[in-house]
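Participant: Okay, here's the prediction I keep looking at, along with the sequence it came from:
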Amino acid sequence: MPTVQRDGALLADLGLRATPQRVAVLEVLSGAPDGATAQEIHDRLRARGERVGLATVYRTLAALTEGGAVDALAHRPGEACYRLCGSAHHHNLVCERCNRVVELAECDLEPWLARLGDAHGFRVTRHSVEVAGLCADCA
């Protein structure tokens, strides 16, 4: 369960001040295991009486994504879906119907990507994979 102390420590690790708005965004994300759009986060904050602007939500999500604490997933057409993620390198399976997200810790892509990069004159510095499909419940 999220706590202000844990959320504050996460923000400090990212070099961000633990403002009430940032902590509130993290609290909403921690209650959305399959992620939420910026608008959904804003709506949930407003519903619980938080005075936070949509632009603040977007700026907070951008900082959290840049810091690696949040994944910005593209499985909802036309808008990004944000999800708290683990700190280790990972990829995601996402259900196109119910938006369920499964974080995958294993990754054997580095040698393949290095070969592809070499073949095309690139030095691969990072990668991310989002695999869309249907979960067992939706299939």
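Facilitator: In hand now; what should we look at? Residues are numbered from 1 along each chain as shown.
Participant: where does the residue nearest the centre of the chain fall, helix, sheet strand or coil?
Facilitator: Centroid check for the chain by Cα atoms, centre = their mean gives Asp71 as the closest residue, at 2.2 Å. Here Asp71 is recorded as strand under DSSP: H, G, I helix; E, B strand; the rest coil.
Participant: Quick check, it in contact with Leu61.
Facilitator: No. Using Cβ atoms under 8 Å, Asp71 is not in contact with Leu61, being 10.6 Å away. C-beta: built from backbone N, CA, C; applies to glycine.
Participant: which neighbours do these two share?
Facilitator: Tyr82 (Cβ atoms under 8 Å, 6 or more residues apart in numbering).
Participant: in stretch 84-91, what counts as buried?
Facilitator: Neighbour counts over stretch 84-91 (16 or more other Cβ atoms under 10 Å) mark 84-85, 90-91 as buried.
Participant: Can you tell me what sits against stretch 57-75?
Facilitator: 10, 13-16, 21-22, 25-26, 29, 35, 38, 41-42, 45, 80-85, 87, 92, 94-96, 99, 101, 128, 130, 132.
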